[in-house]
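K.L.:
A structural model of the following input is requested.
(one chain, ligands or ions: 1)
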Amino acid sequence: MRTAREMGIKTVAIYSEADRNALHVRYADEAVCVGPAPSSESYLKTDVIIDVCKRLNVDAIHPGYGFLSENAGFARSVREAGLIFIGPSPESIEVMGSKLAAKAAVAQYNIPMVPGTPSAITDRTEAKAISATIGYPILIKASAGGGGKGMRVVESEGDFDEQMDRAVSEAISAFGDGSVFIEKYVTSPRHVEIQVLGDQHGNIIHLFERECSVQRRHQKVVEEAPSAILTPEIREAMGRAAVDVARACGYYGAGTVEFIVNDALDFYFLEMNTRLQVEHPVTEQITGVDLVKQMIYIAEGKPITIRQEDLQIKGHAVEVRVYAEDPANNFLPDVGTLDTYIRPQGNGVRVDDGFEQGMAIPIYYDPMIAKLITYGDTREEAIQKMIRAIDEYQISGVQTTLPFCRFVMKHDAFRSGQFDTGFVSKYFTPDKLTPAPDATESTLAAVLAAWLMENSKPKSTGTVVATASRSKWKANRLA
Ligand code: MV4
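P.N.:
Next up is the predicted model:
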C-alpha cells in the first residue's frame with residue numbers, strides 16, 4: 001500500500017472482523033469488511049472479495065503473501081471477473097504448485113535436480129529398486145506438498161513400506177492428492193533461493209539470492225542477502241538456472257526459485273514459489289529495487305526496464321521474524337495485547353509490521369508481529385545493527401522470538417557463516433536465551449552520564465554515550 005501510494009494508486013483494504021483496527025485498514029484509502037475472523041469466512045472468500053472489487057470499481061488485486069496468493073483458482077477467478085491479478089498467470093501457479101509438474105516443465109532445461117524419480121510412484125518394487133540405486137537415506141515427498149509438509153525420510157529399505165504408507169496418507173489428508181515421489185536425501189543442506197522478475201513480454205531477470213537456512217520446523221526465522229557462502233560464479237550459475245525455471249513455465253511477476261545447497265556447494269532446484277515472499281525486503285535492500293512496484297508495472301503489461309547487467313549487490317541485509325511465540329516454551333504462540341510496543345529506529349533499520357502499542361495479536365492468524373530488517377555495508381555490520389535493533393525493540397504483553405533472534409545473531413556458527421538448515425536443532429536450547437540489556441540499567445547509565453557532563457570540566461558540547469554494560473567504553477572516560 002505504501003508503494004501504491006507512492007505511485008499515485010489508491011488502495012482498498014479488505015479485512016476480517018478480527019482486523020477492524022489493523023494498520024492496513026487504517027492506511028488504505030478505503031476498507032471493506034469481508035467477514036468474520038476465521039480466514040475461511042473472510043480472507044479466503046473469493047466471491048466476496050471479487051464482489052467488493054466490482055462494487056468499488058477496483059482495477060487490480062495484490063494478493064500479498066498468505067491466504068490466496070498462490071491459489072490458481074483465485075487468480076483465474078480474478079482474471080475472469082475482468083480484474084488484474086498482481087502476480088503470475090493461473091497456469092504458472094498451477095504448474096509450480098505440483099512438484100512433479102514443475103520437474104516435468106523444467107526437464108528440457110539443464111537445471112540441476114536431486115537424483116530421484118521423475119514421476120509419481122505407482123509400483124513399490126520398482127521404487128525400492130530405484131532407492132537402492134540412489135542410495136539411502138532417501139526422501140519420499142508429496143507432489144502437492146510444500147514447506148516441508150508431506151515429507152518422509154527413509155533410512156533403509158526395511159523402513160520403506162511404513163514411511164511410504166505414512167507419506168501417502170499424509171498427502172491425501174493434507175492436499176487431497178496422494179502422489180508421492182522419491183529423492184536422494186541431502187543431509188543438512190543450506191536453503192538458498194533466487195528472486196526472479198518476469199514481464200508479460202518474455203523478459204526475465206534475477207535479483208540474486210537470499211539465504212534462509214536458519215529455520216525452525218520449516219518456519220524461516222532469519223533470512224539474509226546475499227548468502228555468506230556463494231561465490232560470484234555459483235551465484236551466476238544459480239541465477240541462470242532460476243531464470244530458466246521461470247522461463248520453463250512462462251513466468252511473469254515476482255517469483256522465487258528455491259534450491260538446496262550441499263557442503264560442496266552443489267545446488268539443486270527444489271520448487272518455485274509463485275508469490276512475493278515474506279523475506280523480500282532483504283532483496284530490496286541490497287538491490288535498491290522495490291519489488292512491489294515492479295509487480296505492479298508488470299501487471300500493467302509494462303516491460304521490465306531493469307537490465308540484468310545493471311543489477312549489483314550493494315551491502316548486506318538481514319531480516320528476523322518477530323513472532324508472538326515463547327522461545328523459552330517450545331515456541332508456543334503467545335497471543336495477547338501489545339502493552340508496550342516501541343520499534344527500533346535509525347540508520348539501516350527497517351521495520352515492516354502491522355501493529356501498534358495497545359493492539360491485540362489475534363489468535364486466528366499467523367502470530368507474526370513484525371519483520372525487522374537491518375542493512376549495512378558488510379554482513380558483520382548488518383548483524384551488529386540487528387543486535388542493536390533487537391536490544392532497542394521494546395515489546396511487552398506477549399512473549400516474542402526476539403531473544404531467540406539475538407541468540408542466533410550472537411552465535412559463532414551464524415557469525416562465521418558455517419551453518420545449515422540444522423542450525424536450530426543443533427545449537428538451540430532454551431537455556432541459551434539471554435535477556436535484553438536491562439532498560440533500568442541503561443536509564444541509570446544515561447542519568448549518570450548526564451550528571452557527569454554537567455559536573456565535569458571542560459564542558460562537553462557533544463553527546464555522551466550512556467555506558468550500559470554492553471558498551472566497551474568505561475564510565476571513567478566521561479570524568
Ligand atoms: C530436501 C531436503 C533434503 N534432500 N530434499 C524441506 C522444505 C521443502 N521446501 C524441501 N525441504 C527439504 N528438501 C532433499 N532431496 C531437505 C529439506 C529440508 C529443508 C529445506 C530447506 C530449508 C529447511 C529444511 C529443513 C529440513 C529439510
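K.L.:
Helix or strand: which one has residue 370?
P.N.:
strand 368-376 (DSSP states H and E).
K.L.:
May I have the strands that pair with that strand, each with its orientation?
P.N.:
strand 316-323 (antiparallel), strand 349-353 (antiparallel) (DSSP bridges).
K.L.:
Between those strands, which one is closest to residue 3.
P.N.:
Closest approach to residue 3 among the strands paired with strand 368-376 (Cβ to Cβ): strand 349-353, 11.8 Å. Quick note: C-beta positions are derived from backbone N, CA and C, even for glycine.
K.L.:
residues of the closest one that come out buried?
P.N.:
349-351 (16 or more other Cβ atoms under 10 Å).
K.L.:
need those residues in TSV with pLDDT and distance to residue 133, can you?
P.N.:
TSV is the format used below for these (pLDDT from 0 to 100; distance: Cβ to Cβ, whole Å):
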residue	pLDDT	distance to residue 133
349	98	52
350	98	49
351	98	51
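K.L.:
Which ones among those residues also lie next to the ligand?
P.N.:
Near the ligand, judged by Cβ under 6 Å from any ligand atom, there are no entries from the buried residues of strand 349-353.
K.L.:
quick one, helices of the stretch 201-350 of the chain?
P.N.:
232-248, 280-287, 291-299 (DSSP state H, counting those that start in this stretch).
K.L.:
most neighbours per residue, which of these?
P.N.:
Mean neighbour count (mean count of other Cβ atoms under 10 Å) peaks for helix 280-287 among the helices of the stretch 201-350 of the chain, with a mean of 24.
K.L.:
Identify the residues contacting that helix?
P.N.:
Contacts to helix 280-287, defined as Cβ atoms under 8 Å, 6 or more residues apart in numbering, come from residues 195, 207-208, 210, 223-226, 254, 289-291, 311-319, 350, 352, 371, 373, 375.
K.L.:
cutoff 7 Å now
P.N.:
Residues outside helix 280-287 that contact it (Cβ atoms under 7 Å, 6 or more residues apart in numbering): 195, 207-208, 210, 223-226, 290-291, 311, 313-319, 350, 352, 371, 373, 375.
K.L.:
Quick check: the closest residue to the ligand within the stretch 201-350 of the chain vs residue 321, distance?
P.N.:
Residue nearest to the ligand within the stretch 201-350 of the chain: residue 215 (4.6 Å; Cβ to the nearest ligand atom). Residue 215 sits 10 Å away from residue 321 when distances are taken as Cβ to Cβ, to the nearest Å.
K.L.:
same thing with residue 235?
P.N.:
Distance of residue 235 to residue 321, computed by Cβ to Cβ: 25 Å.
K.L.:
got it, and residue 337?
P.N.:
20 Å.
K.L.:
again with residue 256
P.N.:
16 Å.
K.L.:
any chance of the buried residues of strand 349-353 in TSV, plus distance to residue 31?
P.N.:
Formatted as TSV, those follow (distance: Cβ to Cβ, whole Å):
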residue	distance to residue 31
349	29
350	25
351	22
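K.L.:
Tell me the residues of the stretch 201-350 of the chain that contact the ligand?
P.N.:
Neighbours of the ligand within the stretch 201-350 of the chain, by Cβ under 6 Å from any ligand atom: 215, 218, 258, 260, 270-271.
K.L.:
what about 5 Å?
P.N.:
The stretch 201-350 of the chain comes close to the ligand at residues residue 215, as judged by Cβ under 5 Å from any ligand atom.
K.L.:
of residue 337 and residue 321, who's got more company?
P.N.:
Neighbours around residue 337 and residue 321, counted as other Cβ atoms under 10 Å, are more numerous at residue 321. The numbers are 22 against 13.
K.L.:
partner residues bridging that one?
P.N.:
residue 371.
K.L.:
Does it touch residue 371 like I think?
P.N.:
Yes - Residue 321 lies in contact with residue 371 (Cβ atoms under 7 Å); the separation is 5.9 Å.
K.L.:
about what we covered before: can you redo the helices of the stretch 201-350 of the chain as JSON lines with mean pLDDT?
P.N.:
Listed next are the helices of the stretch 201-350 of the chain as JSON lines, based on pLDDT from 0 to 100:
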{"stretch": "helix 232-248", "mean pLDDT": "98"}
{"stretch": "helix 280-287", "mean pLDDT": "98"}
{"stretch": "helix 291-299", "mean pLDDT": "98"}
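K.L.:
Quick check: the residue of the stretch 301-450 of the chain nearest the ligand.
P.N.:
Proximity to the ligand, evaluated over the stretch 301-450 of the chain using Cβ to the nearest ligand atom, is greatest for residue 421 at 3.7 Å.
K.L.:
Correct me if wrong: that residue contacts residue 189.
P.N.:
Yes - assessed by Cβ under 7 Å, residue 421 is found in contact with residue 189 at 5.9 Å.
K.L.:
residues near the nearest residue to residue 308 once chain neighbours are set aside, how many?
P.N.:
With sequence-adjacent residues excluded and distances taken as Cβ to Cβ, 6 or more residues apart in numbering, residue 308 is closest to residue 205, at 4.8 Å. Using other Cβ under 10 Å, residue 205 has 22 other residues around it.
K.L.:
Does residue 205 touch residue 195 like I think?
P.N.:
No - Residue 205 is beyond contact range of residue 195, at 9.4 Å (criterion: Cβ under 7 Å).
K.L.:
so residue 192, which of the three states?
P.N.:
Recorded secondary structure, residue 192: strand (DSSP: H, G, I helix; E, B strand; the rest coil).
K.L.:
dump the residue contacts of it.
P.N.:
209, 211, 227, 238, 259, 261, 267.
K.L.:
How about residue 42?
P.N.:
Going by Cβ under 7 Å, 6+ apart, residue 42 touches 16, 34-36.
K.L.:
Determine which two of those residues are furthest apart.
P.N.:
Pairwise over the contacts of residue 42, using Cβ to Cβ, the maximum falls at 34 and 36, 9.3 Å.
K.L.:
list residues touching both of the two?
P.N.:
Common neighbours of residue 34 and residue 36 (criterion: Cβ under 7 Å, 6+ apart): 16, 42.
K.L.:
more neighbours, those two?
P.N.:
When neighbours are counted by other Cβ under 10 Å, residue 34 and residue 36 differ, and residue 34 comes out ahead with 20 against 13.
K.L.:
in a strand, that's where the more buried one is, yeah?
P.N.:
Yes - judged by three-state DSSP, residue 34 forms part of a strand.
K.L.:
wait, isn't it in contact with residue 17?
P.N.:
No - assessed by Cβ under 7 Å, residue 34 is found out of contact with residue 17, at 9.3 Å.
K.L.:
Could you check the helix or strand that contains residue 126 against the ligand for contacts?
P.N.:
For residue 126, the host element (DSSP H and E) is helix 124-134. No - applying Cβ under 5 Å from any ligand atom, one finds helix 124-134 out of contact with the ligand, separated by at least 9.9 Å.
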